[in-house]
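# Model the following, please.
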Amino acid sequence: MPTFVLIPGAGGSAWVWSRVARFLFEAGHEVIAVDLPGDDEAAGLHRYAELVVDAVGSRSDVVLVAGSLGGFTVPLVCERVPVREVVLVNAMIPDPGDTALDWWAHTGAFEAQEEAARAGGYGPFDVATYFLHDVDPEVAAEGEPYQRAEADVGFESVCDFTAWPAVKIRVLVGADDRFFPVGLQRRIARDRLGVEVDVLPGGHLLPLVQPRSVADYVLQTTRSGDF
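This is a model prediction of the structure:
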């Protein structure tokens, strides 16, 4: 049975995967949620990848699951350890040589976010509106002690990989993601990975909003199309 290695987004807190991890564990899998030093200006993408590689160790049947900024760590890990599959959940999908800072301009993410905000009538960015709009307030309160600001180095580090690995890559997106609107994610997944996204109801913090459904999706290794 594969080991699931869960990679968080900006800030690096593994807590975001805590509810999904419980369901994967209950299904009989080894689960490793990697906490990353997102607030450390001496760290950055290569340090994040190093920590994930260390967590993988000698395991050979590994599925990497990453959210948001964690998508930038995945291809660096895949160049150092064998993986069975990659699952991206509302994740940034870099091209070789990208930085997370430049990704926004390269993909048209700013324009897509603004267009979605106009259409949805929810205005400019703030954390409550874009990240927490569909998260249970009790869950959001539980997560507050785990939150860390992402250091600039995490956004400025170059993701200097050669190519995405020749393994199955699945992309799960939230239909209600206000930070990375579903249309943007669908286009990037097609352009950069040649895959179609799968869609669940929910926003950017899908692992907190739909943990059982996300876990069920992760546990399926052959599904394609809308979930």
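# roughly how far apart are residue 212 and residue 24?
According to CB to CB, to the nearest Å, residue 212 stands 10 Å off from residue 24. From N, CA and C alone the C-beta is placed, and that goes for glycine too.
# Comparing the two, which residue is more hemmed in?
Neighbours were counted for residue 212 and for residue 24 using other CB atoms under 10 Å; residue 24 has more, 25 against 11.
# for that one, what are its contacts?
With contact taken as CB atoms under 8 Å, 6 or more residues apart in numbering, residue 24 is in contact with 4, 31, 215, 218, 219.
# Now go through those residues and say which are in helices.
Among the contacts of residue 24, the residues falling in helices (DSSP state H) are 215, 218, 219.
# who's sitting farthest from the centroid in the protein?
Computed with CA atoms, centre = their mean, the residue of the chain farthest from its C-alpha average is residue 121, at 25.8 Å.
# mind listing what's buried in stretch 172-184?
Neighbour-count burial for stretch 172-184, counted by 16 or more other CB atoms under 10 Å, picks out 172, 173, 174, 176, 177, 178, 179, 180, 181, 182, 184.
# and residue 168, bridged to which residues?
Per DSSP bridges, the residues bridged to residue 168 are residue 85.
# where does this structure dip in pLDDT?
Scanning the chain with the threshold set as pLDDT under 70 gives 221-227.
# all strands for this protein, in order.
3-7, 31-33, 62-68, 85-91, 168-174, 198-200 (DSSP state E).
# Out of those strands, flag the one nearest residue 133.
Closest to residue 133 of those, according to CB to CB: strand 168-174, at 10.9 Å.
# Need the buried ones from the contacts of residue 24 selected in PyMOL.
One line in PyMOL is enough to select the buried ones among those; burial here means 16+ other CB under 10 Å:
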select buried, resi 4+31+215+218+219
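# In the contacts of residue 24, find the pair that's most separated.
Using CB to CB, these reach their maximum pairwise distance at 31 and 219, which is 11.2 Å.
# circling back to that earlier point, would you convert the ones in helices among the contacts of residue 24 into a markdown table that also reports distance to residue 134?
A markdown table is the format used below for the ones in helices among the contacts of residue 24 (distance: CB to CB, whole Å):
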| residue | distance to residue 134 |
| --- | --- |
| 215 | 18 |
| 218 | 20 |
| 219 | 23 |
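# backbone phi and psi for the residue farthest from the centre of the chain, please?
Per-residue torsions, residue 121: phi 70, psi 30 (degrees, to the nearest 10).
# With residue 12 instead?
Phi and psi for residue 12, reported as degrees, to the nearest 10, are phi 80, psi 10.
# Now do it against residue 89, distance only.
Distance from residue 12 to residue 89, counting by CB to CB: 16 Å.
# quick one, which of these two is more surrounded?
Taking other CB under 10 Å, residue 12 and residue 89 do not tie; residue 89 has more neighbours (31 against 26).
# Correct me if wrong: that one contacts residue 74.
No - at 11.2 Å, residue 89 does not count as touching residue 74 under the criterion of CB atoms under 8 Å.
# Are there residues contacting both of these two? Which ones?
Here residue 89 and residue 74 have residue 66 as joint contacts, going by CB under 8 Å, 6+ apart.
# Return the set of buried residues in stretch 152-159.
For stretch 152-159, a neighbour-count test (16+ other CB under 10 Å) marks 153, 154, 155, 157, 158, 159 as buried.
# Residue 172 is in contact with residue 214, correct?
Yes - if you go by CB under 8 Å, residue 214 and residue 172 touch, sitting 6.9 Å apart.
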